[in-house]
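# below are the sequence and a predicted model; questions follow.
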Amino acid sequence: MPETEAPAVARAPTGVLTEQQIEAARIISERALWLRDVGPTAPREDGPPPADDDSVALKTEELVLNMGPQHPSTHGVLRLLLRIEGEVVKDLVPDLGFLHSSFEKVFENRNFQQGIAYTDRMDYLAAMTNNECYCRSAERLMGVEVPPRGDYLRCIASEMGRIASHLVWVGTFGLDVGALSAFLYCFREREFILNLFEALCGARLTYNYMRVGGVAFDLPEGWSEQCLQFLDYFLDRLHELDELLTGNEILLRRTEGIGTIGGEDAINWGLSGPMLRGSGVDYDVRRSDPYGIYPELEFDVITEAGGDVLSRFFVRMREMRESVKIVRQCLAKLPDMPDEPIVGKVGKVIRAKKGEAYSHIESPRGDLGCYMIGNNSDRPYRAKWRAPSFNNLQVIPEIARGYLIADLVATLGSVDIVLGEVDR
Amino acid sequence: MHPHLLESFMNLVGLGGPSTSIGLYESVRSLIAAFLIFSFIMTAVLFLILGLRKFLGFLQSRLGPNRVGGPLGLGQTMMDALKLLTKEDIVPAMSDHLVFNLAPVLVFVPAFMVYVVIPWTATGSPKDLDVGIIYIAAVTSIQVIGIVMAGWSANNKYSQLGAFRSAGQMISYEVPMVLALVAPVIAAGTFSLQGIVRAQLSTQWYILVTPIAFIVYMVAGLAETNLTPFDLVEAESELIAGFTTEYSGMKFALFYLAEFAGNFTVGAIGTTLFLGGWSMPFGIPGGWPWFIIKSSIIVLGLFWVRGTLPRVRVDQLMDLGWKFLIPAALFQLLVIALYVAVGWPYWAVFIINVVVLIVVLALGGMLGLLPSRDDHVRDIRTEQRRKRALI
């Protein structure tokens, strides 16, 4: 082979990546190349029957379409390689990593206090739950107890964050299926939550509100009343959203029976959150492995049996109502403990002993987990995240294959990915 | 403003009344008329775009354009046009340059050619053709060629998909649209738009005798102008910008203007055929302000639908067109033929129409002719469902 010929697969410089990473990159590239090379005559068990050479049928060709990373409905910088025939998606490969920010490596070099600020940037639509997951892992690692008032404040913040995150989801899902107005309504409602958060912790997107052992700030004066006022208002608005979207015949026809996955398959694929509950599996970390004050609260775990896009839509819409219930209960309990501390007993310099801890919570996207190793220092030796978006995304080729492009967009929307969390 | 101002002006430049000789005078007069109408439409489109953006903003609980050109944002569209004019005109290197440059023209020109036959006032029709309806159907169907050319020449897969969708959609919806246009023609006994308006002046608005045709026309009009429930051609979340993906600068603006002119065309033709055009009942003096008011109401209705509904899927679009709109329009023709032949009073015909519509809907539902949930990919889905029995 002459030296000038380029290798088939471009290799990254070996000094930067590990062997496994290079291997993974090679597999992805080869899969992509295979997608491009495979022609209409290549035999595949789920492909179309091979064309009869003598037939005078219209010659058709499969098309490889590069969807993303700058495509408006990939919710960030996901790239999907599609093999389409007409409008039907024959096969697809998701290609990740465009937003990779080495968060897990950064955690190793920041102390526990600094690390919390980085969790905000991972799932930037639900920063509160990310805060909480990191803090709970660190607390379990150090054996720190959170005082009840701190737990209640965490719960309020997380559930409000869940509402905000689901609102963004409903809006962008509306955009995915072509309904423009719902998006703006959702963002109008979310604005109120962001105002409340701003009053609580001074930030509107990256809150950095929780601390190891509790939360940073108590509620400002009048916050509870404003929050209750918002919840009343919000239920009305939710009803409006229902009228606009849920009762819409076009939306029902667009989503029912699309992207179907059964409960058993959903478990086997490692799905969690609304994806799993939309397939009829009654699993919610808040109920199945309760943390904080969730055992004391009354709320329903929403499940829908359909397993399709519509079921996931219903699950999220109803979960917002459950979150409203939870926040109301928490706000009602808070006056019973007026002067209790909001942060537990931690040292001036937060140090972790040698050991490891894993804790997981229910983020708006699903089962969010953080595995942490302590090394007798003020920073984690290792922090590994189990991101629900990432696990949920892997099922996309399975559930979108064979449907139309428009269905793929709706299905991808229904998974509710945040690329910051997928790529980390 | 005096309602007859435009009329007098038209008469002044020799537009009103029947023309007798074709010569230099006639040619100059036609040029002036073309210039006048074109400038009027362009100005109208500028403010129509602003008004519709404001209306859409109102629907979506936001302000809409309000910064450029005074407190109401009056200069917004002009500044947008100026910006598009001064932008770099990008032509993709691998595109078919001739076709790529020709396509915007083929979309833009027919959109304005329609206005030749629109009867603004009793005498203010630029050219009252005896085959007005046929002319409209012919001219508007040229646009699809331009769109397919745009999608094909850009050498972009998204453009191509958008163009093919557009071809399917426009051809499918041309049929019910023309069928719906034929109903008032049968009732009036003439293809001339001015004649149809006069026939309505002497009887009643045709929305009362051909309500099904009006509904079919509005739905088909939404599809022909690519507004939201049927905006598959430029579905942002699926195809980025469809056939206009690779266009920029003034060429993009031509598509954009043609689209808005198309919206107003739907309103204008709907007004002429179904809402009595410039005429008003009960002895109210007619005139061009009525025409514009009625057309604007129709366009606002289109935008209301656009702001409310999600987008249908390709197969559902075809189902709706072929399985519901075309049969409904055909039934309408039957009813209107009876109306002309027997000569019942219009309220009786209206009731018959409503009954027919209900029967069509019920029959369609019973026989499964209405758009079904999963027709196109039903086999794949049932197989998948079988594979994954739910827990």
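Structure's in. What do you need? Residues are numbered from 1 along each chain as shown, chains lettered A, B, ... in the order given.
# helices along the stretch 51-200 of chain B, start to end?
B:76-86, B:97-113, B:132-140, B:143-153, B:157-188, B:193-202 (DSSP state H, counting those that start in this stretch).
# please identify the most buried of the ones you listed.
helix B:143-153 (a mean of 24; mean count of other CB atoms under 10 Å in any protein chain shown). Bear in mind the C-beta positions are built from the backbone N, C-alpha and C, glycine included.
# mean confidence score for that one?
Across helix B:143-153, pLDDT averages out at 88.
# helix, strand, or coil at the closest residue to chain B within chain A?
Going by CB to the nearest CB, chain B is nearest to A:Gly178 of chain A, at 2.6 Å. At A:Gly178 the chain is in coil, as set by DSSP: H, G, I helix; E, B strand; the rest coil.
# poorly predicted segments of the stretch 51-200 of chain B, please.
Scanning the stretch 51-200 of chain B for pLDDT under 70 picks out B:124-126.
# what number of residues lie near the residue in chain B that chain A sits nearest to?
Residue of chain B nearest chain A, by CB to the nearest CB: B:Arg311 (2.6 Å). Number of residues near B:Arg311 (other CB atoms under 10 Å in any protein chain shown) recorded here: 27.
# tell me the confidence at the residue nearest to it when sequence neighbours are not counted?
Of all residues not flanking B:Arg311 in the chain, A:Gly178 sits nearest, at 2.6 Å (CB to CB, 6 or more residues apart in numbering or on different chains). In this model, A:Gly178 is scored at 84, pLDDT.
# got a list of what A:Gly178 touches?
Taking CB atoms under 8 Å, 6 or more residues apart in numbering or on different chains, we find A:Gly178 in contact with B:228-229, B:231, B:235, B:237, B:309-311.
# turn the helices of the stretch 51-200 of chain B into TSV, columns for distance to B:Val219.
Output for the helices of the stretch 51-200 of chain B, formatted as TSV (distance: least, CB to CB, whole Å):
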stretch	distance to B:Val219
helix B:76-86	28
helix B:97-113	20
helix B:132-140	16
helix B:143-153	18
helix B:157-188	8
helix B:193-202	21
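# of all these, which lies closest to A:Glu23?
helix B:157-188 (31.0 Å; CB to CB).
# does the closest one come close to chain A?
Yes: using CB under 8 Å from any CB of the partner chain, helix B:157-188 reaches chain A at B:157-158, B:161.
# turn those into a markdown table, including distance to B:Ser172.
Below are the residues of helix B:157-188 next to chain A laid out as a markdown table (distance: CB to CB, whole Å):
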| residue | distance to B:Ser172 |
| --- | --- |
| B:Lys157 | 23 |
| B:Tyr158 | 21 |
| B:Leu161 | 17 |
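# can you tell me which of the residues you listed lies closest to B:Thr140?
B:Leu161 (22.7 Å).
# can you give me the strands in chain B?
For chain B, applying DSSP state E gives no strands.
# point to the residue nearest the middle of it.
For chain B, B:Val266 is the residue whose C-alpha lies nearest the centre (CA atoms, centre = their mean; 3.2 Å).
# surely it meets B:Leu227?
No: between B:Val266 and B:Leu227 there is no contact under CB atoms under 8 Å: 9.0 Å.
# now do the shared contacts for those two.
B:Leu302.
# give the residue spans of the stretch 101-250 of chain A that score low on pLDDT.
In the stretch 101-250 of chain A, no residues with pLDDT under 70.
# and it, which residues reach chain B?
A:174-181, A:184-185, A:188, A:244-245, A:248, A:250.
# which one (most neighbours) among those residues?
Counting by other CB under 10 Å, top hit in these: A:Val177 with 30 neighbours.
# quick one on the thing from earlier: where does the residue of chain A closest to chain B fall, phi/psi-wise?
The phi and psi torsions at A:Gly178 (degrees, to the nearest 10) take the values phi 100, psi 0.
# ditto for A:Tyr358
Dihedral angles (degrees, to the nearest 10) for A:Tyr358: phi -130, psi 130.
# the nearest residue to it once chain neighbours are set aside: which element?
Counting by CB to CB, 6+ apart, the nearest residue to A:Tyr358 once its immediate chain neighbours are dropped is A:Tyr371, at 4.5 Å. If you go by DSSP states H and E, A:Tyr371 is part of strand A:366-374.
# in its sheet, what does that strand sit against?
Next to strand A:366-374 in the sheet, as set by DSSP bridges, lie strand A:355-363 (antiparallel), strand A:382-386 (antiparallel).
# quick one: neighbours of the nearest residue to B:Phe252 once chain neighbours are set aside, just the number.
Nearest residue to B:Phe252, sequence neighbours excluded (CB to CB, 6+ apart): B:Thr244, at 5.9 Å. Neighbour count of B:Thr244, defined by other CB under 10 Å: 27.
# look up how far B:Pro229 lies from B:Thr244.
The gap separating B:Thr244 from B:Pro229 is 19 Å, by CB to CB, to the nearest Å.
# re the thing from before, ok, now which ones touch the residue nearest to the centre of chain B?
Applying CB under 8 Å, 6+ apart, the residues near B:Val266 are B:218, B:221-222, B:224-225, B:298-299, B:302.
# and with 6 Å instead?
By CB atoms under 6 Å, 6 or more residues apart in numbering or on different chains, the residues touching B:Val266 are B:221, B:225.
# identify the farthest-apart pair in the residues of the stretch 101-250 of chain A next to chain B.
A:Arg188 and A:Ile250 (22.7 Å).
# that older thread, for the strands paired with strand A:366-374, which one ends up most surrounded?
The highest average neighbour count among those, using mean count of other CB under 10 Å, belongs to strand A:355-363 at a mean of 21.
# list of residues touching that strand?
With contact meaning CB under 6 Å, 6+ apart, strand A:355-363 is reached by A:126, A:129, A:132-133, A:136-137, A:140-141, A:284-286, A:291, A:367-369, A:371-374.
# quick one: average confidence on stretch A:254-272?
Mean predicted confidence for stretch A:254-272 is 85.
# got the end-to-end distance for that stretch?
End-to-end span of stretch A:254-272 (CA to CA, to the nearest Å): 23 Å.
# how about stretch A:65-81?
Distance between the two ends of stretch A:65-81: 6 Å, counting by CA to CA.
# what residues sit buried inside that stretch?
Across stretch A:65-81, burial judged by 16 or more other CB atoms under 10 Å in any protein chain shown covers A:65-69, A:71-81.
# of those residues, which pair is most distant in space?
Across those, no pair lies farther apart than A:Leu65 and A:Gly76, at 18.4 Å, counting by CB to CB.
# can you tell me the closest non-neighbouring residue to A:Arg254?
A:Val177 (5.2 Å).
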